[in-house]
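*Asks:* Whatever this is, show me its structure:
(one chain, ligands or ions: 1)
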Amino acid sequence: MTESHDADVAIVGYGPTGVIAALTLAKYGVSAVALERDEDIYPRARAVTVNDWTMRIFQDLGVDERIEKKIDPQRALRWVTYDGTEIMRVEHPPSTLGRRPRFYNIYQPTMEVELRAAARDHGDRVAVHYGAEVTGVDQDADGVTVAWTHTATGERRTVRARYAIGADGGSSTVRGQVGCRLLGDTGDVTWVVIDCRVKRWWPDRDFLTFWSDKERPVVDIALSAGNHRWEIPLKPDESPADYPTSAEVWPLLKALGVTEKDVEIHQHAFYKHHTRMADTWRRGRVFLAGDAAHLMPPWAGAGMQTGMRDAHDLGWKLARVIKGELPESWLDTYEAERRPNAAFYTALATQLGRVIKQELSEEEQAAMNAVPEDTVTPFEPPLTAPPVLAGGWIRGPLGDASIVGRMIPQPIAGDAIGRMARLDDLLGDGFVLLGDDVDPATLLTAEEKADWDALGARYVAVRPKTAYTQGPGELIDLDEVLLPWLRRYGARAVALRPDRFVAAADISGLAVPA
Ligand SMILES: Cc1cc2nc3c(=O)[nH]c(=O)nc-3n(C[C@H](O)[C@H](O)[C@H](O)COP(=O)(O)OP(=O)(O)OC[C@H]3O[C@@H](n4cnc5c(N)ncnc54)[C@H](O)[C@@H]3O)c2cc1C
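*Replies:* Now for the predicted structure:
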């Protein structure tokens, strides 16, 4: 931060995206000031699930253990018709990213409480103003001036930062201020989302069940912290005005066999589904992230997670650029990496929505139900496709046969001083080159090594579990995952980014990507 800036980065909106941005910037050593319009966390339960990729980000930020205490493992997904016919089931395969289950059920407000509490531990680097409604964003060659109004007193103030992140949700003020347009559509159907407190367990409550029906498809999901959710579409002749209180909502649940003995209705809200994306996610020093950049239907359970991944990706890059370790041009890789991923999840959510609404033709349904060889379920390929990068700060060809752009698995490894821990906990925070039973530095030219050294890279030889370590920069592949993984793609060495994606491999050149 310079004298003329209040913080390195101004974060507008302190929902899940904004908090992950703050945690990431703080972890990587730069300061942030967050401006949040509301005094309290948004009380409506929205996101219902997170997966092992998101949990790996939480691990990087040191919050996974406290979050894991507040969320539940997800058993499986099933698509069932009202007559009890199971159309499809997705049993989650084991996680390769270092978690016990692959998917978790969450309760978004509880998770946000934990994330904000974790950010308070970085009090010296993260300042948060609540009741601060941002009304203006101006930028010049040196920084961004964010104007805000204190909602309680009407007092007007400004914050000056080197960069700004618009994490202010679907109706983003920042997006409008910097002239980005939100393209796409909003669905016609209004859904009522009913959140309940559980009063007793019932059989198969732990499935995420999609009751498939043309007229009234229903989402039925266990949330964490003793909550359960049903999402039900209103019929064309119904409106939110027909459901002012839980008394009017109860018949919808009773039609599904749910009674007052099972749950107590806690709150209900109405939503329409958006399929929208901002035309650009960057204007100069201002970036959009999370719902401000993209809105997707909820069927893939990915909206919030996509925002958190945006914030993490942008956060570690911004921190390095601000500290002068990377050129400003790196910031362009944010949208190049995150936009295709958001588009992937938007398309997946749209397709899953067609299943629940029984909109698939017989041919499409047959294709989706066909179990490909060597996969566990029909949905394993699309659900497990990410995390992969489709472009951005990487070197080499992308594709099914390429290791570049993939996230490295996270098994348990051993190190030269006898620790046994998850890979990321042993690798540390920065760039790491990993070699298959070889010191990766020996595979670099002097110039290539100097470039990696300038980024603070570590060089680690991964030895088989039958080996002795010979020096400090070595890991033992205790779970026998890392070496087979490298060999499957024909790589002797890979360069890992701080977010554990492979940036380069010896096959296509281990030099620092341009
Ligand atoms: C029914 C439903 C189910 C969902 N299920 C899932 C799921 O299972 N998994 C999943 O990943 N996602 C899910 N989502 C999506 C998820 O809830 C959102 O994607 C997520 O909350 C977006 O986070 P965000 O931080 O980008 O935006 P928000 O959560 O909207 O936060 C934006 C913040 O900015 C603040 N703000 C707005 N304007 C201003 C301003 N001018 N000045 C200052 N502050 C401002 C707001 O007060 C708010 O706190 C679901 C959504 C819905 C509606």
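
*Asks:* List the contacts of Glu359.
*Replies:* Lys214 (CB atoms under 8 Å, 6 or more residues apart in numbering). (Glycine included, C-beta is placed from N, CA and C.)

*Asks:* Surely Gly187 is in a strand?
*Replies:* Yes. Under DSSP: H, G, I helix; E, B strand; the rest coil, Gly187 sits within a strand.

*Asks:* Return the helix or strand in this protein with minimum mean pLDDT.
*Replies:* Of all helical and strand segments in the chain, the minimum by mean pLDDT, DSSP states H and E falls on helix 380-384, at a mean of 38.

*Asks:* if I read this right, Asp310 contacts Asp291, doesn't it?
*Replies:* No. If you go by CB atoms under 8 Å, Asp310 and Asp291 don't touch, sitting 9.9 Å apart.

*Asks:* Please enumerate the shared neighbours of the two.
*Replies:* By CB under 8 Å, 6+ apart, the residues touching both Asp310 and Asp291 are Thr17.

*Asks:* Assign the closest residue to Gly98 other than its chain neighbours to helix, strand or coil.
*Replies:* Counting by CB to CB, 6 or more residues apart in numbering, Gly98 lies nearest to Gln410, which is 3.1 Å off, once chain neighbours are set aside. With three-state DSSP as the basis, Gln410 sits in coil.

*Asks:* contacting residues for Gln410?
*Replies:* Arg56, Thr96, Leu97, Gly98, Arg422, Leu423, Asp424, Arg500.

*Asks:* Distance check, it against Pro387.
*Replies:* As for Gln410, its distance to Pro387 is 11 Å (criterion: CB to CB, to the nearest Å).

*Asks:* any idea how this protein splits into domains?
*Replies:* When the chain is parsed with the TED database, its domains come out as 7-71+106-182+275-346, 184-274, 406-508.

*Asks:* wait, does the longest one make contact with the ligand?
*Replies:* Yes. Contact check for domain 7-71+106-182+275-346 against the ligand, using CB under 6 Å from any ligand atom: residues in range are 12-18, 35-38, 42, 46-49, 108, 132-134, 167-169, 173, 290-291, 298, 301-305, 307.

*Asks:* how far does that domain sit from the chain's center?
*Replies:* 12 Å (CA atoms, centre = their mean, to the nearest Å).

*Asks:* Endpoints of it, how far apart?
*Replies:* 34 Å (CA to CA, to the nearest Å).

*Asks:* is it fair to say Asp124 lies in a helix?
*Replies:* No. Looking at Asp124 with three-state DSSP, it is coil, so not inside a helix.

*Asks:* and it, what are its phi and psi?
*Replies:* phi -70, psi -20 (degrees, to the nearest 10).

*Asks:* distance of it from Arg116?
*Replies:* Applying CB to CB, the value for Asp124 to Arg116 is 16 Å.

*Asks:* Neighbour count for the two, which is higher?
*Replies:* Arg116 (20 against 8; other CB atoms under 10 Å).

*Asks:* Tell me, how many residues neighbour whichever residue of the stretch 101-250 of the chain sits closest to the ligand?
*Replies:* In the stretch 101-250 of the chain, the residue that lies nearest the ligand is Gly169 (2.8 Å; CB to the nearest ligand atom). Counted by other CB under 10 Å, the residues lying close to Gly169 total 22.

*Asks:* Let me know the helix or strand that it is in.
*Replies:* Under the criterion DSSP states H and E, no helix or strand holds Gly169.

*Asks:* Buried ones in the top helix by length along the chain, by neighbour count?
*Replies:* Ranked by number of residues, the top helix in the chain under DSSP state H is helix 332-356. Neighbour-count burial for helix 332-356, counted by 16 or more other CB atoms under 10 Å, picks out 333-335, 337-339, 341-342, 344-346, 348-349, 351-353, 355-356.

*Asks:* For the stretch 201-350 of the chain, give the residue positioned nearest to the ligand.
*Replies:* Going by CB to the nearest ligand atom, the ligand is nearest to Gly290 of the stretch 201-350 of the chain, at 2.4 Å.

*Asks:* Quick one: residues contacting that residue.
*Replies:* 13, 15-18, 167, 169, 304, 306-308, 310-311.

*Asks:* Buried residues, stretch 422-434. List them.
*Replies:* So for stretch 422-434, counting by 16+ other CB under 10 Å, buried means Arg422, Leu423, Asp424, Leu426, Leu427, Gly430, Phe431, Val432, Leu433, Leu434.

*Asks:* again, but for stretch 65-80
*Replies:* Result for stretch 65-80 [16+ other CB under 10 Å]: buried residues Ile67, Glu68, Ile71, Asp72, Gln74, Arg75, Leu77, Arg78, Trp79, Val80.

*Asks:* re earlier: the residues of domain 7-71+106-182+275-346 next to the ligand, buried ones only, as a ChimeraX selection?
*Replies:* Selection of the buried residues among those in ChimeraX, burial being defined by 16+ other CB under 10 Å:
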select :12,13,14,15,16,17,18,35,36,37,46,47,48,49,108,132,133,134,167,168,169,173,290,291,298,301,302,303,304,305,307
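
*Asks:* hang on, the earlier thing: got the confidence number for the residue of the stretch 101-250 of the chain closest to the ligand?
*Replies:* pLDDT for Gly169: 97.

*Asks:* the helices in the stretch 351-500 of the chain, which residues?
*Replies:* 362-369, 380-384, 423-427, 446-454, 482-488 (DSSP state H, counting those that start in this stretch).
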